[in-house]
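Visitor: Structure for the following, please:
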Amino acid sequence: MRLITVGCWLLTIGCWLLTVPSSAQDAKAKQLYDQSIKLFGERKATEAIAFMQEAIKRDPNFADAHLKLGQLYEFTKRVEPALLAYREGVRLQPDAPASSAAYQSLSNLLLRLGRYGEAIPFLEKYATFFAPQSAQGKRIEQLMTNAKFGQDAMQHPQAVTPKPLSESLQTTPSQYFPVLTADEQTMVFTVLKPEGDEDLYITSFNGETWQPPVSLSPNINTPDNEGTPSLSADGRTLVFTACQGRKGFGSCDLYITHRTGNDWSESQNLGPIVNTRYYESQPALSADGRRLYFVSDRPGGQGKRDLWRTDADAEGNWQEPINLGTPINTSFNEASPFIHANGQTLFFASEGHPGMGGYDLFVSDSTLTTGPKRWSTPTNLGYPINSAEDQASLFVSANGQRAYYSFEEQKDGISQRSRIYVFDMPESLRERVKPVNYLKGIVTNGKSQKPVSATVELIDLATNQTISRVASDAQTGQYAIVLPTEGEYALYINSPGYLFKSLSFDFAQKSKETNRGIALPVALEPISNTGKETLNNIFFESGRYDLVGKSRTEITRLAQFLKTNPTVSVEISGHTDDQGDANANLVLSKKRAQTVVDYLTEAGIEAARIRATGFGKTKPLLPNTSEENRRLNRRIEWRVL
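Guide: Coordinates of the predicted model:
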């Protein structure tokens with residue numbers, strides 16, 4: 001499941017060694033050369049190197065011997081000697097067809113080492129062996145673009161200082177693909193065990209350090225491989241990849257599991273709409289767990305492995321996936337998507353967009369908030385976030401301040417181990433990420449104080465669209481939901497048998513800076529004649545009783561409640577602050593309450609079930625000693641009769 005790019009030379013070097021013609025002035029050198037080729041054919045590479053070295057000593061101008069020695073060094077992972085041998089070979093015969101593959105190897109090795117300036121002249125020479133519009137010519141052109149990009153990126157590095165996250169996490173040879181909850185208190189990641197098994201592990205932050213990780217759940221981990229997890233913002237829905245052992249639909253499938261209390265459910269295959277007989281992997285859940293991005297090589301894409309998206313309907317069924325299309329996907333591979341908690345900023349890896357070689361990390365922003373997503377041209381995250389090695393698995397915190405990723409330590413282009421790192425987002429990238437806040441707490445019964453399983457919904461008051469919908473934990477009552485930092489929103493907490501609670505969040509005039517989260521415990525009142533709630537998303541113009549348009553969300557919710565509970569009758573009461581004439585305030589409060597009743601009857605609620613009353617300034621919630629208190633006293637309440 002890790003992104004490992006294997007150089008083409010591993011597949012072709014043996015054939016190349018045996019087929020490229022040779023020429024030598026010295027007969028003994030030619031004999032040594034032939035013996036070296038024979039030894040390599042017998043898989044005796046070390047002995048083959050010694051004979052090739054002797055051939056060169058006999059004939060220093062034996063160009064083919066230098067080229068073959070470079071190939072032998074490369075095959076045995078001795079990069080610097082390989083570079084020296086290749087350079088000498090092409091110096092001796094710069095235009096010979098046999099040197100074409102040497103220019104290719106020189107370019108690839110130098111690009112893998114991040115030595116872009118050195119690679120460029122060899123790429124330029126390599127390009128002369130092919131027509132510009134040929135497949136290889138276009139590939140060389142892309143490599144040249146990457147070399148120039150990498151050279152410039154290293155000259156203009158991002159201001160980042162990645163640091164290993166915690167030594168306490170390093171309980172296995174490698175850790176990678178980290179994902180966190182919105183409050184950054186829980187992290188799930190993939191581990192590679194000594195026996196080669198990949199599992200999912202979990203750790204929590206105790207306020208000072210990360211705790212030693214433990215296996216996520218026996219309902220998830222098996223003796224076969226599980227990896228590349230994705231978490232919803234509340235940490236209660238998880239999608240992951242399994243590639244072996246399970247009865248699936250293809251080479252790798254996506255599975256889902258849900259947490260109740262401390263227990264994870266048995267993982268379930270996402271089914272044949274999402275999974276196919278092809279490859280599905282590397283999921284990325286939206287904050288509320290209702291949109292899923294993933295990687296697949298199924299038909300209908302732009303290239304090899306593409307990024308796709310699917311949405312869950314109201315019943316939780318995943319819909320037919322949509323290819324993200326251009327400009328995200330290319331004719332090459334894309335990988336490891338991550339959708340930020342704001343739902344609009346997509347990070348992903350690609351080997352098709354201009355980068356520093358292999359897989360680089362990119363960012364793109366959605367240009368529409370509804371309908372099929374259209375994305376901006378991807379931006380490379382720059383150096384040193386990206387390097388000549390493969391990068392993947394970036395996770396950016398909800399507030400846009402930090403990024404977590406896995407870094408593969410390599411030697412001579414070969415992965416050694418992977419560790420989880422964190423860095424502060426540089427200002428240039430922080431500006432790309434619209435930060436969000438989060439709200440979390442516990443939903444309880446207002447009478448018994450016991451936990452309640454409730455639906456928590458965030459509604460955009462301007463569009464009446466549901467932005468996010470989550471459920472509180474049935475055992476603990478805990479919930480967490482992401483809050484945008486711009487605009488006006490209504491939050492509804494609803495559970496059968498209880499009065500719904502409405503809250504209002506107005507970020508329209510607030511700074512983009514976010515807090516460390518908002519703690520909001522919610523006590524729901526059981527349906528009874530003592531139950532009472534405030535309608536926090538009913539709005540009037542100052543001194544008037546006609547409803548502002550954004551109030552329709554609240555009216556609709558109250559109408560739905562009354563339709564769901566047909567035996568319930570309610571009183572709608574209006575209240576004002578102490579400013580102005582008391583009699584005028586009393587009349588205004590009655591008219592406002594009656595306006596709400598009129599809207600409810602228009603929505604189909606029987607007039608006999610609802611009545612309006614006004615109390616003016618006589619029943620304040622708080623002393624009218626501040627503008628904030630007066631604002632809270634100006635309200636519409638409803639209670640069960």
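
Visitor: Please identify the pairing partners of the one helix or strand residue 361 maps to and their relative orientation?
Guide: Following DSSP states H and E, one finds residue 361 within strand 360-365. As defined by DSSP bridges, the strand partners of strand 360-365 come to strand 345-350 (antiparallel), strand 379-380 (antiparallel).

Visitor: Please name whichever of the ones you listed is nearest to residue 155.
Guide: Residue 155 sits nearest to strand 379-380 of all the strands paired with strand 360-365, at 14.2 Å, using CB to CB. C-betas here are computed from N, CA, C, even on glycine.

Visitor: Need the residues that contact that closest one.
Guide: 149, 153, 353-356, 360-364, 386, 432 (CB atoms under 8 Å, 6 or more residues apart in numbering).

Visitor: now the next helix-or-strand element following that strand: how far from the chain's centre is it?
Guide: Where DSSP H and E defines the elements, the next helix or strand beyond strand 379-380 is strand 392-396. For strand 392-396, the separation from the chain centroid amounts to 6 Å (computed by CA atoms, centre = their mean, to the nearest Å).

Visitor: Same check on stretch 619-634?
Guide: With CA atoms, centre = their mean, you get 43 Å for stretch 619-634.

Visitor: what's the answer for stretch 611-624, then?
Guide: 48 Å.

Visitor: same check, this time on stretch 552-559
Guide: With CA atoms, centre = their mean, you get 34 Å for stretch 552-559.

Visitor: swap in stretch 436-456?
Guide: That offset, for stretch 436-456, works out to 27 Å (CA atoms, centre = their mean).

Visitor: Please apply the same query to stretch 627-635.
Guide: With CA atoms, centre = their mean, you get 41 Å for stretch 627-635.

Visitor: Give the buried residues for that stretch.
Guide: Buried residues in stretch 627-635, counting neighbours by 16 or more other CB atoms under 10 Å, are found at 630, 632-635.

Visitor: quick one on the thing from earlier: and the strand holding residue 361, how far from the chain's centre?
Guide: The answer for strand 360-365 is 11 Å, by CA atoms, centre = their mean.

Visitor: Residue 91: which element?
Guide: Here residue 91 is assigned to helix 79-92, by DSSP H and E.

Visitor: Who are the packing partners of that helix?
Guide: Judged by 3 or more CB pairs under 8 Å, 6 or more residues apart in numbering; DSSP states H and E, helix 79-92 is in contact with helix 63-75, helix 100-112.

Visitor: Show me what the first one is packed up against.
Guide: For helix 63-75, the elements it packs on are helix 9-19, helix 27-41, helix 45-58, helix 79-92, helix 100-112, judged by 3+ CB pairs under 8 Å, 6+ apart.

Visitor: Export that helix to CSV, keeping only CA atoms.
Guide: The C-alpha trace of helix 63-75 is given here as CSV (Å, rounded to 0.1, in the frame of the first residue of the first chain):
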residue,chain,number,x,y,z
ALA,A,63,33.3,2.6,-24.3
ASP,A,64,30.9,-0.3,-24.1
ALA,A,65,32.8,-1.8,-21.1
HIS,A,66,32.3,1.5,-19.3
LEU,A,67,28.5,1.4,-20.1
LYS,A,68,28.2,-2.2,-19.0
LEU,A,69,30.1,-1.4,-15.8
GLY,A,70,27.7,1.4,-15.1
GLN,A,71,24.8,-1.1,-15.5
LEU,A,72,26.4,-3.6,-13.2
TYR,A,73,27.0,-1.0,-10.5
GLU,A,74,23.4,0.2,-10.9
PHE,A,75,22.1,-3.3,-10.6
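
Visitor: between it and helix 100-112, how big is the angle?
Guide: 40 degrees (axes from the mean of the first three to the mean of the last three CA atoms, to 10 degrees).

Visitor: so how far is the helix holding residue 91 from its chain's centroid?
Guide: With CA atoms, centre = their mean, you get 42 Å for helix 79-92.

Visitor: buried set for it?
Guide: Quick answer for helix 79-92 (16+ other CB under 10 Å): 79, 81-83, 85-90, 92.

Visitor: go on, stretch 316-325?
Guide: Neighbour-count burial for stretch 316-325 [16+ other CB under 10 Å]: 318, 321, 323-325.

Visitor: Now residue 138: closest residue in space, sequence neighbours ignored.
Guide: residue 132 (7.8 Å; CB to CB, 6 or more residues apart in numbering).

Visitor: Any idea how many residues pack against the one you found?
Guide: 9 (other CB atoms under 10 Å).

Visitor: now do residue 205
Guide: Each residue near residue 205 was counted by other CB under 10 Å, and the total is 16.

Visitor: residues in contact with it?
Guide: Residue 205 neighbours (CB under 8 Å, 6+ apart): 184-187, 211.

Visitor: Select only the buried ones of those residues in PyMOL?
Guide: Restricted to buried positions by 16+ other CB under 10 Å, the PyMOL selection for the contacts of residue 205 reads:
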select buried, resi 184+185+186+187
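
Visitor: which one among the contacts of residue 205 gets closest to residue 392?
Guide: Among the contacts of residue 205, and counting by CB to CB, the member closest to residue 392 is residue 187, at 16.6 Å.

Visitor: I'd assumed residue 203 was in contact with the closest one.
Guide: Yes: contact criterion CB atoms under 8 Å: residue 187 and residue 203 qualify, at 5.4 Å.

Visitor: can you list residues touching both of those two?
Guide: With CB under 8 Å, 6+ apart as the test, residue 187 and residue 203 both reach residue 210.

Visitor: returning to that earlier point: need the winner for burial among the strands paired with strand 360-365.
Guide: strand 345-350 (a mean of 25; mean count of other CB atoms under 10 Å).

Visitor: quick check: mean pLDDT across that strand?
Guide: Computed over strand 345-350, the mean pLDDT rounds to 96.

Visitor: circling back to that earlier point, I'd like the buried residues of helix 79-92 as a markdown table, with distance to residue 283 and pLDDT appended.
Guide: Below are these laid out as a markdown table (distance: CB to CB, whole Å; pLDDT from 0 to 100):
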| residue | distance to residue 283 | pLDDT |
| --- | --- | --- |
| 79 | 36 | 95 |
| 81 | 43 | 97 |
| 82 | 39 | 97 |
| 83 | 40 | 97 |
| 85 | 45 | 97 |
| 86 | 42 | 97 |
| 87 | 45 | 97 |
| 88 | 49 | 97 |
| 89 | 47 | 95 |
| 90 | 46 | 96 |
| 92 | 52 | 95 |
